[in-house]
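# here is a sequence with its predicted model. Questions after.
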Amino acid sequence: MEYIEYQDKVLKRKELELRFLNYFQSHQYEVIDMHLIERLNWQQLTQDDLESMGTRSIWKNGQNFFALRNDWTDQLQHYVRTYSLNLKQVAYAGPIANNEHISTNLGIEVFHPSYEEMLTSFQLMLRFIQQEMKQKVDFAVIGHYQLLSLLLTEEERTSNILQLINERNLSELSKQLPKGHKLITLLKQPTHLQLDYIQSLIPNDHPTYLSLLRWSEELKRAGISTIHLDITTMPPKSYYIGSFMQLFQNDQSEPIMSGGHYNGEIDGFGFGIKID
């Protein structure tokens with residue numbers, strides 16, 4: 001493990017953080033910072049918080065428990081349980097810790113957003129990646145956390161079925177679900193064709209489908225023509241409710257940028273760039 005980062009790498013990362021914050025400050029985003037160390041109020045912890053404990057660095061000091069920040073959106077959710085956040089849109093940059101791995105996160109959040117505000121936030125982030133970071137985007141992955149409710153009945157959404165979907169275990173799913181089930185027919189399609197195919201399976205006027213269609217059209221307008229559909233069974237946190245997106249380069253397994261719509265302690269839409 002490298003405990004010391006040297007001059008060129010340090011200055012390059014810090015300069016990128018400053019460019020990011022200045023860029024969004026110039027577009028009327030409020031620049032904020034929060035403590036890397038969070039004090040945990042056990043009476044306020046949710047099931048999401050408890051399930052993430054295995055990935056967090058936690059310690060006890062006296063009667064208080066503390067943890068390193070592992071997600072900016074999570075930290076903002078914790079903040080608004082106790083304090084008011086009278087801001088419309090924010091930008092931030094700083095470290096996060098997951099499974100004892102430290103990375104830098106550049107991110108934005110828009111609270112109580114209209115669709116136009118969501119779209120503007122996406123366009124600004126994409127422009128920063130392409131013009132300021134000089135990175136190209138080869139393809140996108142999009143999905144919607146309510147999509148499975150249109151493909152499976154409530155009785156079919158068992159933990160076993162959801163696990164098989166996560167594993168993309170088509171042979172076992174074919175045994176568990178009726179012959180010709182629409183989920184099976186969808187998963188048999190290549191992922192870059194599934195978004196077009198799904199219109200034959202679900203109501204085309206449903207808000208979930210309209211959200212996916214709208215974002216796919218925006219991605220194509222931005223020059224990202226290869227779009228894969230992600231049939232995700234469970235969001236990373238229960239407060240994620242709507243569409244989500246990830247942008248990739250062909251030679252990278254991790255997304256350049258990711259984000260989506262959430263509604264927990266506060267309703268918001270955000271994107272993040274993780275830099276190792």
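On my side now, so go ahead.

# just after the helix ranked longest in the chain, pick out the following helix or strand.
In the chain, taking DSSP state H as the definition, the longest helix is helix 7-25. The helix or strand immediately downstream of helix 7-25 is strand 30-31, counting by DSSP states H and E.

# list the helices and strands that next one packs on?
Applying 3 or more CB pairs under 8 Å, 6 or more residues apart in numbering; DSSP states H and E, one finds that strand 30-31 contacts helix 7-25, strand 89-98. All C-beta atoms are positioned from the backbone trio N, CA, C, and that covers glycine.

# so which of these is the most surrounded?
Stretch with highest mean neighbour count among the helices and strands packed on strand 30-31: strand 89-98 (a mean of 19; mean count of other CB atoms under 10 Å).

# ok, residues contacting it?
17, 20-21, 24-25, 28-34, 36, 55-57, 68-72, 102-111, 117, 121, 274 (CB atoms under 8 Å, 6 or more residues apart in numbering).

# could you pull out the helices for the protein?
Using DSSP H, helices in the chain cover 7-25, 47-51, 72-82, 115-127, 148-151, 159-167, 170-176, 182-187, 194-197, 207-221.

# output the contacting helices and strands for the longest one.
Using 3+ CB pairs under 8 Å, 6+ apart, the elements in contact with helix 7-25 are strand 30-31, strand 89-98, strand 101-111, strand 267-275.

# closest one to Leu76 among the ones you listed?
With CB to CB as the measure, strand 101-111 is the member of the helices and strands packed on helix 7-25 nearest Leu76 (6.6 Å).

# follow-up on the earlier one: using JSON lines, please lay out the helices of the chain together with distance to Ile227 and mean pLDDT.
Shown next, in JSON lines, are the helices of the chain (distance: least, CB to CB, whole Å; pLDDT from 0 to 100):
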{"stretch": "helix 7-25", "distance to Ile227": "26", "mean pLDDT": "95"}
{"stretch": "helix 47-51", "distance to Ile227": "29", "mean pLDDT": "89"}
{"stretch": "helix 72-82", "distance to Ile227": "24", "mean pLDDT": "92"}
{"stretch": "helix 115-127", "distance to Ile227": "14", "mean pLDDT": "97"}
{"stretch": "helix 148-151", "distance to Ile227": "18", "mean pLDDT": "93"}
{"stretch": "helix 159-167", "distance to Ile227": "20", "mean pLDDT": "92"}
{"stretch": "helix 170-176", "distance to Ile227": "22", "mean pLDDT": "94"}
{"stretch": "helix 182-187", "distance to Ile227": "15", "mean pLDDT": "95"}
{"stretch": "helix 194-197", "distance to Ile227": "6", "mean pLDDT": "95"}
{"stretch": "helix 207-221", "distance to Ile227": "5", "mean pLDDT": "96"}
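
# so which of those gets nearest Ser258?
That would be, of the helices of the chain and by CB to CB, helix 115-127, which comes in at 10.1 Å.

# any idea how far the closest one is from the chain center?
From the chain centre to the centre of helix 115-127 is a distance of 15 Å (CA atoms, centre = their mean, to the nearest Å).

# make JSON lines out of the helices and strands packed on strand 30-31 and add distance to Thr232.
Converted to JSON lines, those look like this (distance: least, CB to CB, whole Å):
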{"stretch": "helix 7-25", "distance to Thr232": "28"}
{"stretch": "strand 89-98", "distance to Thr232": "19"}
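
# Lys188: which of the ones you listed is closest?
Among these, strand 89-98 sits nearest to Lys188 (CB to CB), with 34.0 Å.
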